[in-house]
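**Student:** Coordinates for the following, if possible.
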Amino acid sequence: MPTTLTLPPTIITCAGASENVGEQAKQLGATNALIVTDPGIAKIGYADNIAQNLHNAGITTSCFSDVTPDPTLQNVQDGLKQYTDEGCDVIVSIGGGSAIDCGKGIAMKLANDGDFADYMGVDKIPNPGTPLIAIPTTGGTGSEVSKVTVITDTERNVKMMLSSRCLLASVALVDPLLSLTTPPHLTAAVGVDALTHAIEAYISKRAQPITDALSLKAVEMISGSLRQAWADGENVSARTDMMIGASIAGMAFSNSSVALVHGMSRPIGAYFHIHHGLSNSVLLRDVMAFSVVGAPARFADIARAMGEQIDGLSPMHQADAAISAVERLVADIQMPRLGEIGIKKEKFESVVEQMAVDAIASGSPANNPRQATAEEIVALYWECF
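**Tutor:** From the prediction side, this is the model:
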């Protein structure tokens, strides 16, 4: 059966890569850019630096800086209006996954009519979006290189996942220097998100040889640098490995998909509005323990990539070493349990069954090496609480 790998046409990774934005925009034929970002990135001056670089290349700019964590349909609609009103011809998204996902959503809607929900799912977008340059500021989501965007419908409490090559950025500029200001708690959350991408891409039923190589390299880089990046944010070497590792993980999961962790994570974010990486973190260990019997050899490979010494152990003990390694890593960077992040048990109980339904409906759990029923997903949610 043939396999397909889709990536952005241009990916530049180095310290200072973001300084190429003006040149890359010119190569796309741009004259007027909409910069899409969030208030925090705008406040620390990163968006202004990008605007100045674009101005130096003869490109005018407008800045949409209202992107919220877990970008919403309203964010996309507001950005779309500003793009149209200002007569823009390229989007430059700078920030974490939220800003980049929002930029993807705007770019997609510029080329495709109808309701946003019409395009929810896999390969349902007919037309490529307007040109987009993606510049990540955290080593986490991998959105800059993936063909996936997630936009929240706040009226329905649903995170809409769209996957299509039509969502790929035209250019990704991966600059580790932009991540030096990321605070420890966010470094931890986005880092576990990236690790989850790499692990789920490797155990996914849709994994292929190329994504296997990408996944294991990402696991190695992320697990080997996350503690250092969390403890010392100005460690450029650790930040570089995290940024590149996250992008590699993004390339992997974009082509082999994620699985049960992400399927269960999205409803937590939709109902309780907590950071996506945090919701992955609280689920990862227990979902791995549930899934390991479905692909023990692959879990053993993950353990090796994380530096575990497993030679001579039985196959299941080798596989279990991956779970133990993840558990230690999550503890070392002080990630909380689900019941420790302000979610009220009564509220959780009132929505947990619907969350399980939403998780299955997302499609991601179907890629898991061990299939889970709605009842088993509910039980897993409670194990993680």
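**Student:** just the strands in this structure please.
**Tutor:** 10-13, 32-36, 60-64, 90-95, 121-122, 132-136, 148-153, 158-163, 171-174 (DSSP state E).
**Student:** what about stretch 186-194, distance to the chain center?
**Tutor:** Distance of stretch 186-194 from the chain centroid (Cα atoms, centre = their mean, to the nearest Å) equals 10 Å.
**Student:** List the contacts of that stretch.
**Tutor:** 96-97, 138-142, 179, 182, 218, 222, 226, 229-230, 233, 242, 245-246, 249-250, 275-278, 280-281, 284, 330, 333-335 (Cβ atoms under 8 Å, 6 or more residues apart in numbering). Glycine gets a C-beta too; all of them are placed from N, C-alpha and C.
**Student:** Quick one: neighbours of residue 88, just the number.
**Tutor:** Counted with other Cβ atoms under 10 Å, residues neighbouring residue 88 total 25.
**Student:** Report the contact partners of the residue most central in space within the chain.
**Tutor:** Central residue of the chain (Cα atoms, centre = their mean): residue 141, 2.6 Å from the mean position. Residues in contact with residue 141 (Cβ under 8 Å, 6+ apart) are 96-97, 100-101, 190, 193-194, 197, 246, 250, 276.
**Student:** Take the residues you listed and keep only those in helices.
**Tutor:** Those of the contacts of residue 141 mapping onto helices are 97, 100-101, 190, 193-194, 197, 246, 250, 276, per DSSP state H.
**Student:** got the residues you listed as CSV, with distance to residue 113 columns?
**Tutor:** Shown next, in CSV, are the ones in helices among the contacts of residue 141 (distance: Cβ to Cβ, whole Å):
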residue, distance to residue 113
97, 26
100, 23
101, 20
190, 34
193, 32
194, 34
197, 31
246, 33
250, 28
276, 29
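**Student:** out of these, who's nearest residue 61?
**Tutor:** Nearest to residue 61, judged by Cβ to Cβ, of the ones in helices among the contacts of residue 141 is residue 100 at 17.3 Å.
**Student:** in terms of contact, does the closest one touch residue 93 like I think?
**Tutor:** Yes - the criterion here is Cβ atoms under 8 Å, and residue 100 meets it with residue 93 at 4.5 Å.
**Student:** For the stretch 1-150 of the chain, give me the ranges with low pLDDT.
**Tutor:** Within the stretch 1-150 of the chain, the segments meeting pLDDT under 70 span 1.
**Student:** for it, what spans make up the helices?
**Tutor:** Secondary structure of the stretch 1-150 of the chain (DSSP state H, counting those that start in this stretch): helices at 21-27, 39-43, 46-56, 73-86, 97-111.
**Student:** How about the stretch 151-300 of the chain?
**Tutor:** Using DSSP H, counting those that start in this stretch, the helices assigned to the stretch 151-300 of the chain run over residues 184-203, 209-231, 236-256, 260-272, 276-291, 296-305.
**Student:** Out of these, flag the one nearest residue 121.
**Tutor:** helix 260-272 (13.4 Å).
**Student:** Would you mind pulling up the elements that the closest one packs against?
**Tutor:** strand 148-153, strand 158-163, helix 184-203, helix 276-291, helix 345-361, helix 374-384 (3 or more Cβ pairs under 8 Å, 6 or more residues apart in numbering; DSSP states H and E).
**Student:** That helix vs helix 184-203, what angle?
**Tutor:** Following axes from the mean of the first three to the mean of the last three Cα atoms, to 10 degrees, one obtains 140 degrees for the angle between helix 260-272 and helix 184-203.
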